[in-house]
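here is a sequence together with a model predicted from it:
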Amino acid sequence: MVFQNIDFHNVSELTRDEFGGYVMHRFPLCVEETLSEGGRNANKITSGIELRFKLISDSVKLKFRLDSPDSSATTVYIYRGNIVGGWQECSVAIVSGETRELVVNKHPNIEKLREITKSASFGFSPEVVRIVLNSSILRFVGVDGDVVPPSKEDVPEKTYLAYGSSITHGSLALNIPSTFVSQIGEHFRCDVRNLGLAGNARLEKSVADEIAAMGERGEWDFASLCMGINILNIECSDFEKRVKNMIKTVAERNPEKHIFCISPFYCREDMDGLNKPQLFREIVERSVCELGFPYVHYIDGRKILDGSWGLSGDFVHPSPLGVRAIADGLIEIYSKYIKG
C-alpha cells in the first residue's frame, strides 16, 4: 500500500496508535480480528515489511518508534535496490521508547549501482531505496522530504508469497535478509511477501481466503504454505480439514500458479520420538494427492531439514545453518517449476 508517497510493502493496512505512530498490519484488519490473540499480535510484527521510495529531494528523514516490552532495540537496513547500503548506513539501531530519525541521502555514485544491477540482473532498480525492517513492533511516525513510490518497472516482475510459522517469518535466521524466504527471493530475482505468523500458523479459513484473494489481485505469482508445526496439539482429523481447505481455497482461485505445500521440518517432537509430526506430514502429502491440483506440489519438510544438526539450542527453530539448508533445498525443488 502507498502512504505519504511511500510504498509500504507487505502491509495491507495502517492504523494510528495512541502515540501518533502507525501500526503496520500484514494481513488486513478484517482477517486479523479473526485470529487468536497470538495471531493478532504476530500480524503486527514487521517481518518482511519494507518502506520503498525514490528520492526527489537530495535527502529524506524518516521517523520510527519502537514500543516493546519484549525487546530493547531493533535494526533496520537500507538497501539501494538489491544492493545493501555501505557500512555507514547498512544497519541502524532503534532503541525501545525512543523516536529515531533516519536520514537517507541520494547515492553519490548511482551510475556504479546501475552497472552492478545490470551485470547481476537484479530485479530492483538501484534508485529504489528500501528500508528493510526486522521482526519487531516498530511504528512508522512520519517522513520529511520529497519522495515518490517506485513504479512497476522499478521492482521485480514476480512475487513469491510465503505463509507459515516463526520459521517462515525469520526466527533465528538472525536478520530478515537471511531468512529462507528472502534467500529464495534473491535467488529467483523476485519480490517476496512474508506472511509468517510466529506460533500462529493455524490455517484459518480467513487466512486461506485472503491469500487466495491476494493471488487473484496479482500480488503473488507462486507461493509456499508451511503447514502443521504450530498446531501439533490438534486432532489429525481437524488438521486434515484445515489443510484441505487451505489448499482448495488458494488453488481453485489461482489455478495456474505454483503452490508448494510444505509439511513440518525436523523438530523437537521428532527428537523425542513422537509420531505426531510424521502423521501430519502424511496428511499434507495425502491431501495434495487427493485434491489433485496440477500446480500444487508436496514437499516433505523432513527431507529438507532432516536432523537435529540444523536446529538451534531451543530445539525448535533452525539455526542459521538450518535456515541455509531450508533455502537451498527449497530452491532446488522450486527450480523445477520456477525460472530464475
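Cool, got the structure. Just so you know, these numbers come straight off a predicted model, no measurement behind them.

only C-alpha atoms from now on, for both contacts and neighbour counts.
Will do.

give me the buried positions along the longest helix seen in the chain.
If you go by DSSP state H, the chain has its longest helix at helix 236-253. Residues of helix 236-253 classed as buried: 239-240, 242-251, 253 (neighbour count, 16 or more other CA atoms under 10 Å).

how about stretch 108-127?
Within stretch 108-127, the residues that count as buried by 16+ other CA under 10 Å are 113-114, 117, 122-127.

ranges for the strands of the stretch 151-300 of the chain?
Assignment of strands within the stretch 151-300 of the chain using DSSP state E, counting those that start in this stretch yields the ranges 159-164, 191-196, 222-226, 259-262, 296-299.

ok, and which of those has the densest surroundings?
Mean neighbour count, computed with mean count of other CA atoms under 10 Å, is highest for strand 191-196 among those, reaching a mean of 26.

which other helices and strands contact that strand?
Counting contacts by 3 or more CA pairs under 8 Å, 6 or more residues apart in numbering; DSSP states H and E, strand 191-196 packs against strand 159-164, helix 166-169, helix 180-188.

ok, residues contacting that strand?
By CA atoms under 8 Å, 6 or more residues apart in numbering, the residues outside strand 191-196 that reach it are 9-10, 26-27, 47-49, 123, 155-170, 181-182, 185, 220.

what does stretch 257-271 give?
Outside stretch 257-271, the residues touching it (CA under 8 Å, 6+ apart) are 221-229, 251, 275-277, 280-281, 284-285, 288, 295-308, 311, 315-317, 337.

repeat that with 7 Å
Here stretch 257-271 makes contact (CA atoms under 7 Å, 6 or more residues apart in numbering) with 221-229, 277, 281, 284, 295-302, 304-307, 315-316.

list the residues that contact residue 156.
Counting by CA under 7 Å, 6+ apart, the residues that residue 156 touches are 123-124, 189-191.

ok, residue 108 to residue 85 distance?
Residue 108 sits 12 Å away from residue 85, taking CA to CA, to the nearest Å as the criterion.

same question for residue 184.
Between residue 184 and residue 85 the distance is 20 Å, computed by CA to CA.

now do residue 30
Following CA to CA, the distance that separates residue 30 from residue 85 is 36 Å.

the two: which is more packed in?
A count of neighbours by other CA atoms under 10 Å puts residue 85 above the other of residue 30 and residue 85, at 17 against 11.

quick one, phi psi at the more buried one?
phi -60, psi 160 (degrees, to the nearest 10).

can you list the low-confidence ranges for this protein?
Where the chain drops to pLDDT under 70, the residues are 68-71, 340.

find the centremost residue of it, please.
Compute the mean C-alpha point of the chain, and by CA atoms, centre = their mean the closest residue is residue 194, 1.5 Å away.

could you measure from that residue over to residue 254?
When CA to CA is applied, the distance between residue 194 and residue 254 equals 18 Å.

tabulate the buried residues of helix 236-253 (TSV), appending distance to residue 209.
Below are these laid out as TSV (distance: CA to CA, whole Å):
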residue	distance to residue 209
239	17
240	17
242	12
243	13
244	13
245	10
246	8
247	10
248	10
249	6
250	7
251	11
253	9
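
so in terms of bridging, what pairs with the residue nearest to the centre of the chain?
With beta bridges defined as DSSP bridges, residue 194 has these partners: residue 162.

and the helices in the stretch 201-340 of the chain?
Along the stretch 201-340 of the chain, counting by DSSP state H, counting those that start in this stretch, helices occupy 205-216, 236-253, 268-271, 276-291, 301-304, 320-334.

could you pull up the residues touching residue 107?
For residue 107, the set of contacting residues under the criterion of CA under 7 Å, 6+ apart is empty.

what separation is there between it and residue 191?
Computed with CA to CA, the distance linking residue 107 and residue 191 is 23 Å.

and what of residue 232?
31 Å.

what about residue 231, how many residues nearby?
Each residue near residue 231 was counted by other CA under 10 Å, and the total is 18.

please report how far it lies from residue 111.
From residue 231 across to residue 111, the span is 50 Å (CA to CA).

go on, residue 325?
In this structure, residue 325 and residue 111 are separated by 35 Å, where distance is defined by CA to CA.

make sure I have this right: residue 75 is in a strand.
Yes. Assessed by DSSP: H, G, I helix; E, B strand; the rest coil, residue 75 belongs to a strand.
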